[in-house]
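Peer 1: next comes the sequence, and after it the predicted model I'd like to discuss.
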Amino acid sequence: MLTLSRKLSTTRSSSTSIASVSPQIFNPVSQIEQKRKILEHRINFVLDDCKTVTQIKQVHGHLLRRGLGQSCYVVTKLIRILTKLDVPMDTYPRLVFEQVKYPNPFLWTAMIRGYAQQGPLSQAIVLYDCMRRAGTGPVSFTFSALFKACGAALDVNLGRQIHAQTILIGGFASDLYVGNTMIGMYVKCGFLECGRKVFDEMPNRDVISWTELIVAYAKSGDMDLARDLFDGLPVKDMVAWTAMVTGYAQNAQPREALDMFERMQNVGVQTDDITLVGVISACAQLGASQYANWVRDVAERSGFGPSENVVVGSAMIDMYSKCGSVVDAYKVFEGMNERNIFSYSSMIVGFAIHGRAHAAIQLFHDMLKTDIEPNHVTFIGVLTACSHVGLVDQGRHLFATMEKYYGVAPSADHYTCMVDLLGRAGHLEEALELIETMPMEPSVGVWGALLGACRIHRNPDIAQLAANHLFELEPNDIGNYIVLSNIYAMAGRLDDVSRVRKLMRGKGLRKNPGYSWIEAEKGQIHEFFAGDTTHRMSIEIKQALEDLLVRLKARGYQPDLNSVAYDVSDEEKKRILMTHSEKLALAYGLVSTNAGCTIRIMKNLRICDDCHAFMCGASQITAREMVIRDNMRFHHFHDGMCSCGNFW
DNA sequence: GTTGCCATCC
């Protein structure tokens, strides 16, 4: 770097003569100029075609022999191509640069950009200083490059200094490109307010300035502000619309995302693969299979079908599996021309949440035969698969070897999977031991998995231990108090039950509202809250449930009163159970759809014991297939049985 | 010659 600086500073003395040695810049378009243009165009063409450094060197050698190899234009182009190929700036690029006697601002900037991209950022700044000392004024492109680099390096202090420079030098603070990249720099560094200030003070703004802020607000979780900006945007293009669709999808507002996309289509804006990925993710969250099929049609028609686009395809695997159809997910997977780690992981996770453990593990082994390497999500998938089916040894083995064989160090999430696996299988002591030997601080997830296992295996002592940790880590989460009091209730420890309930009341905690939703005809989504009587078919729903209850009771079904956490009479408990949101959704499904049609229900919380038993019975009595997605996994109810084998 | 939107797990 020292040599470079020295070399660079020697150009200072000669820099004053740049204008005098390039007279043609100030001439009208001459014949020579035209010839030069044609030549540059050809050089561009040839260099753009180069795929390797060797090829570039050959072309450069050729140009040197023709006396063209040291022109700013050619060298700038060379540096840009070399940067794209990620050739270290200190090697060949610097060598070529040093051969140029009078670098122009674009050449300097190409070098600065190269150093900025490869880091460390300080080298780019050294170069910038050299350029200034050489008497060369920066161009807007220079600042764009620097702001982009600061954004990538999350170095807001440096960004601020360069911001000051743009004001100091004059003329640049009002430049559109400079402003836009400056907004980008601030928002990437997390200084949204500063980005907004730049935006507000910009004399000229374009759709890119707007989109940058919309995305920033969306990423910060504030879709209302994003929406305000978007509504005020005079000319909305595809990227801006996509930013809104994706923003809603990322903020768990899938219905708003789908509304946005429909509006976008109505306005006649084009759709690209990135838009589709946002829409697909919204469908996955909603679990709406009719929407899913519609989106697939749109994707195929726009030329971004799952078979030709690996990102769209991977997103669709996830979508179909979360819509309850692991079969459709696998069809997409099979039909893909190219697959990557996302495709495999999504499919493995898909099999796992549908309880198809062996398919998940088989696919994992198929993947190992390709050159795609598993990542942490892949292991979450296979471990979850083992856990849902009780493949303890298989899971232990994978967990023990994941780092050694596959280079994936277990994270807290993987420990959570293991605690879940061991705990569900009844190895509560072993699960506890694993937590105690974790190399990181045990997370909420880990203790939560242990507490859940204690519920299944009715172990109040370990439950108490797990719950105490949870009360410390998330004192305001009511779920933990409810589970613990249920476990005490099942063990007949009524004093402990009232103690926990008192604790709960003392904190003024309220239960997280449970809700379920179901897709009806024409893709409409019907939402039901627990105890909901607002649906227009409420009377029919109630009637259908009562009929079902009578028939189920005749076959021995008894309401599971432990599933109600409140201090109320048994009669009241029975009433509460009958208004659980998934039962309401089921009844609506039964009265509104044809026989032979699978009823698909989505739910925000975990399905309770009583509802699970109720669904099993209902599937037999009504001879209907039901698929319920709770916040953990899928349950496929068929002829009185559930695919989870009552193990969840 | 530069700037904005991308999927699996959590």
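Peer 2: In hand now; what should we look at?

Peer 1: what residue spans form the domains of chain A?
Peer 2: A:411-506, A:515-642 (automatic domain parsing).

Peer 1: straight-line length of the first one, end to end?
Peer 2: Right, domain A:411-506. Length of domain A:411-506, first residue to last, Cα to Cα, to the nearest Å: 35 Å.

Peer 1: can you give me the helices for the stretch 201-350 of chain A?
Peer 2: Assigned by DSSP state H, counting those that start in this stretch, the stretch 201-350 of chain A shows helices spanning A:207-219, A:223-232, A:238-250, A:254-267, A:273-286, A:289-301, A:310-322, A:326-335, A:341-353.

Peer 1: let me have the ones you listed in JSON lines, adding distance to residue A:551, mean pLDDT and mean neighbour count as columns.
Peer 2: Just so you know, the C-beta spots here come from the backbone N, C-alpha and C atoms, and that holds for glycine as well. Output for the helices of the stretch 201-350 of chain A, formatted as JSON lines (distance: least, Cβ to Cβ, whole Å; pLDDT from 0 to 100; neighbours: other Cβ atoms under 10 Å):
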{"stretch": "helix A:207-219", "distance to residue A:551": "49", "mean pLDDT": "97", "mean neighbour count": "22"}
{"stretch": "helix A:223-232", "distance to residue A:551": "45", "mean pLDDT": "96", "mean neighbour count": "16"}
{"stretch": "helix A:238-250", "distance to residue A:551": "41", "mean pLDDT": "97", "mean neighbour count": "23"}
{"stretch": "helix A:254-267", "distance to residue A:551": "35", "mean pLDDT": "95", "mean neighbour count": "18"}
{"stretch": "helix A:273-286", "distance to residue A:551": "32", "mean pLDDT": "96", "mean neighbour count": "24"}
{"stretch": "helix A:289-301", "distance to residue A:551": "28", "mean pLDDT": "92", "mean neighbour count": "18"}
{"stretch": "helix A:310-322", "distance to residue A:551": "32", "mean pLDDT": "97", "mean neighbour count": "26"}
{"stretch": "helix A:326-335", "distance to residue A:551": "30", "mean pLDDT": "96", "mean neighbour count": "18"}
{"stretch": "helix A:341-353", "distance to residue A:551": "31", "mean pLDDT": "96", "mean neighbour count": "25"}
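
Peer 1: okay, those helices in TSV with distance to residue A:442 next?
Peer 2: Listed next are the helices of the stretch 201-350 of chain A as TSV, based on distance: least, Cβ to Cβ, whole Å:
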stretch	distance to residue A:442
helix A:207-219	29
helix A:223-232	34
helix A:238-250	29
helix A:254-267	32
helix A:273-286	29
helix A:289-301	38
helix A:310-322	29
helix A:326-335	32
helix A:341-353	23
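
Peer 1: returning to that earlier point: any idea which of the domains of chain A scores lowest on pLDDT?
Peer 2: Mean pLDDT is lowest for domain A:515-642 out of those, coming in at a mean of 88.

Peer 1: so does stretch A:627-635 get close to DNA strand B?
Peer 2: No - residues of stretch A:627-635 are not located near DNA strand B by Cβ under 7 Å from any atom of the strand, the shortest gap being 8.0 Å.

Peer 1: who's in contact with that stretch?
Peer 2: A:287, A:322, A:324, A:326, A:352-355, A:388, A:582, A:598-607, A:612, A:615, A:626, A:636-637, A:642-644, A:648 (Cβ atoms under 8 Å, 6 or more residues apart in numbering).

Peer 1: can I get the CA coordinates of that stretch in PDB?
Peer 2: The C-alpha atoms that make up stretch A:627-635 are tabulated as PDB, following Å, rounded to 0.1, in the frame of the first residue of the first chain:
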ATOM      1  CA  VAL A 627     -55.800 -31.300   8.000                       C
ATOM      2  CA  ILE A 628     -54.900 -28.900  10.900                       C
ATOM      3  CA  ARG A 629     -51.800 -26.800  11.000                       C
ATOM      4  CA  ASP A 630     -51.000 -25.600  14.400                       C
ATOM      5  CA  ASN A 631     -48.000 -23.500  15.300                       C
ATOM      6  CA  MET A 632     -45.800 -26.700  15.500                       C
ATOM      7  CA  ARG A 633     -46.700 -29.100  12.800                       C
ATOM      8  CA  PHE A 634     -49.500 -30.600  10.700                       C
ATOM      9  CA  HIS A 635     -52.100 -33.100  11.900                       C
END
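
Peer 1: just how off-centre is that stretch within its chain?
Peer 2: 21 Å (Cα atoms, centre = their mean, to the nearest Å).

Peer 1: give me the buried positions along that stretch.
Peer 2: A:627, A:628, A:629, A:630, A:632, A:633, A:634, A:635 (16 or more other Cβ atoms under 10 Å).

Peer 1: so is the second one in a helix, a strand, or just coil?
Peer 2: Reducing the assignment at residue A:628 to three states with DSSP: H, G, I helix; E, B strand; the rest coil gives strand.

Peer 1: residues in contact with residue A:40?
Peer 2: Per Cβ under 8 Å, 6+ apart, neighbours of residue A:40: A:73, A:74.

Peer 1: wait, a strand at it?
Peer 2: No - going by three-state DSSP, the assignment for residue A:40 is helix, not a strand.

Peer 1: list the buried residues for stretch A:488-497?
Peer 2: Buried, per 16+ other Cβ under 10 Å, within stretch A:488-497: A:488, A:489, A:493, A:496, A:497.

Peer 1: export those residues to a markdown table and tack on distance to DNA strand B and secondary structure?
Peer 2: Listed next are the buried residues of stretch A:488-497 as a markdown table, based on distance: Cβ to the nearest atom of the strand, whole Å; DSSP: H, G, I helix; E, B strand; the rest coil:
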| residue | distance to DNA strand B | secondary structure |
| --- | --- | --- |
| A:488 | 27 | helix |
| A:489 | 28 | helix |
| A:493 | 30 | coil |
| A:496 | 29 | helix |
| A:497 | 29 | helix |
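
Peer 1: please report the distance of the residue nearest the centre of chain A from residue A:284.
Peer 2: The C-alpha lying nearest the average C-alpha coordinate of chain A belongs to residue A:250 (Cα atoms, centre = their mean; 6.9 Å). Shown here: residue A:250 relative to residue A:284, a distance of 12 Å by Cβ to Cβ, to the nearest Å.
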